[in-house]
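S.K.: Okay, predicted coordinates and the sequence, questions at the end:
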Amino acid sequence: MDVSVNRDAASSWETFTLWRVSESEFQFRTTQGQFLTCYGTGCSVSATTKSASTTETFQIERNNNGRVHIKTKSGTYLQATIGNQLTADYPGTPGWNDNAATFEMSIVANNLHGDYQLANGYGHNKAKQVLERHRNTFINVGDFEFLFRQGINTVRIPVGWWIAFDPNPPAPFIGGTLEALDNAFSWAQAYNIKCIIDLHAAPGSQNGMEHSASQDGTTGWPTSSDYISQTLHVIDFLASRYAKHPALLGIELLNEPSAASVPLDTLVSYYKQGYEIVRKHSPSAYVVICQRIGNADPLELYQADIGSHNIVVDLHYYNLFDTFFVNKSAIDNIQFIYQSREAQLQALNGANGPLVFIGNSSEWVNEWNVTSGSQSDYQDFGRAQLEVYDAASFGWAYWTLKNDRKHWDFEWNIRNNYLQLSNILNLSSLCFRRWTFRVLKSSNYSQLFCLTTIVLFLFYLCSEQHVTYIYAGNSQKEKIFNSLTWLLLASVCFHLCQIF
């Protein structure tokens, strides 16, 4: 199919994604997945092939006014002919005035970031310098000490599929990720912290996002059996290398597959094969499977019978990226955590299936669409998430340790008192207050409140410190505590009478 040049205004048909080959060379991909092709001087430009090589590679020359010239590898400029065809036969070198070889180019989407774009854009030598400096300075042993002091017992470490080919991964990726992962395991072991290896980027991209190393925002992983086989090879490599490491807690088979692009049967088949691969190397390592992001019910993975033991479903909760949260107030966001997220979490915890992990595959973040939130609002929002997500049967993970957006930055939130992990230590009393509040709202919670009260009462009795308070208290503080304890016991008896 030859390319026509016959429109005064661009629409989706005239929109291309650019695959960057070098600083000035690009490949043009249509919305249907074909690449622009030119076989040489005098030829028309067509769009028929779905793979790119030198005949699909063009050089773009730009000026400061958004105008461009497009040149083939042989050096001939493209032009729009009188017959509205795009051909490689412009004579000589065009100027920047209005002529058949001068085009206007508009960028209609954000430029992608991520490993692929960085390495591809900089080129090997410059990208190697940038990434080596980043890996040597961004995360180090001091960060693991910080996490240890905050009571964090596990880190979730994202990796790309090219790690299995280190130290010489396929172009344009830069070697060194395997050494960085080895360092992280050593630092984690030194502070008794466990590691979950998270395959964040699969070949072809499982969601089209930059953090999955997508070339152009498309999702190619589920369309290629070669991509899926290659991904299973990566899981085998990671499991065989780290299965016996004392710091390994689990392996996440894939981060955030897209519900719109990845069919459930394709994903389940991959998860089942990945589970067996991990089990081949370790009978006990947890196998983490991530929910599909978008319009998908997490229960679909509970019904898939993927593995028999030590399997975890990773849920990603954000009060972002969804029109539902637009114009929601701070209170609205917090109530959504308590009313909707907690209900779903309780249902999944009670399901006969995998454990529940809350984090960016089972991650969460102290950020929302509220533009005028105060520090107190953020503290309340973080507290709500900590209270609810701490009940997940496998725990939670925060995304991420460091980030240029401060509310995504765990360390910044802690150091600036926007996130208060000390609240977890008081979770039992917080739960007591919340259940008490709910009893006042609905009699349906009376039995659950009574059971919760008994559990909490036994918790206090089982503590030697609190037994002393109950039976040998003389100080004013102890007398107050004793009074509250007997009041609590009276409440238990009252509710037992109501039930029985």
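M.R.: It's in.
S.K.: Do you know the pLDDT at residue 129?
M.R.: In this model, residue 129 is scored at 97, pLDDT.
S.K.: now residue 415: how far from residue 247?
M.R.: 26 Å (C-beta to C-beta, to the nearest Å). To be clear about C-beta, it is placed using only N, CA and C from the backbone, and glycine gets the same treatment.
S.K.: the more surrounded of those two?
M.R.: Between residue 415 and residue 247, residue 247 has the larger neighbour count (other C-beta atoms under 10 Å), namely 19 against 11.
S.K.: tell me the contacts of the more buried one?
M.R.: 185, 188, 189, 193, 194, 195 (C-beta atoms under 8 Å, 6 or more residues apart in numbering).
S.K.: how about the nearest residue to residue 152, chain neighbours excluded?
M.R.: Leaving aside its sequence neighbours, residue 152 sits nearest to residue 193 (C-beta to C-beta, 6 or more residues apart in numbering; 6.9 Å).
S.K.: Do I have it right that the one you found meets residue 153?
M.R.: Yes. Counting by C-beta atoms under 8 Å, residue 193 does reach residue 153; the two are 6.1 Å apart.
S.K.: Counting neighbours, go ahead and name the busier of these two.
M.R.: Using other C-beta under 10 Å, the more surrounded residue of residue 193 and residue 153 is residue 193, with 20 against 14.
S.K.: Check what pLDDT that one gets.
M.R.: For residue 193, the predicted pLDDT is 97.
S.K.: In contact with it, which residues?
M.R.: 144, 147, 148, 152, 153, 154, 155, 187, 247.
S.K.: cutoff 7 Å now
M.R.: Applying C-beta atoms under 7 Å, 6 or more residues apart in numbering to residue 193 gives the contacts 144, 147, 148, 152, 153, 154, 155, 247.
S.K.: which of those count as buried?
M.R.: Among the contacts of residue 193, those that count as buried by neighbour count (16 or more other C-beta atoms under 10 Å) are 144, 147, 148, 152, 154, 155, 247.
S.K.: From residue 339, how far off is the last one?
M.R.: Here the distance between residue 247 and residue 339 works out to 38 Å (C-beta to C-beta).
S.K.: so which helix or strand takes in residue 60?
M.R.: With elements taken from DSSP states H and E, the one containing residue 60 is strand 58-62.
S.K.: Sheet partners, orientation included, of that strand?
M.R.: strand 25-29 (antiparallel), strand 67-72 (antiparallel) (DSSP bridges).
S.K.: just how off-centre is the first one within its chain?
M.R.: A distance of 28 Å separates the C-alpha centroid of strand 25-29 from that of its chain, computed with C-alpha atoms, centre = their mean, to the nearest Å.
S.K.: Just the mean pLDDT for the helix or strand just after it, thanks.
M.R.: Remark: after strand 25-29, the chain's next helix or strand is strand 35-37, criterion DSSP H and E. Averaged across strand 35-37, pLDDT comes to 96.
S.K.: so what does strand 35-37 touch, helix or strand wise?
M.R.: Applying 3 or more C-beta pairs under 7 Å, 6 or more residues apart in numbering; DSSP states H and E, we find strand 35-37 packed against strand 25-29, strand 46-49.
S.K.: Ranking those by mean neighbour count, which comes first?
M.R.: strand 25-29 (a mean of 20; mean count of other C-beta atoms under 10 Å).
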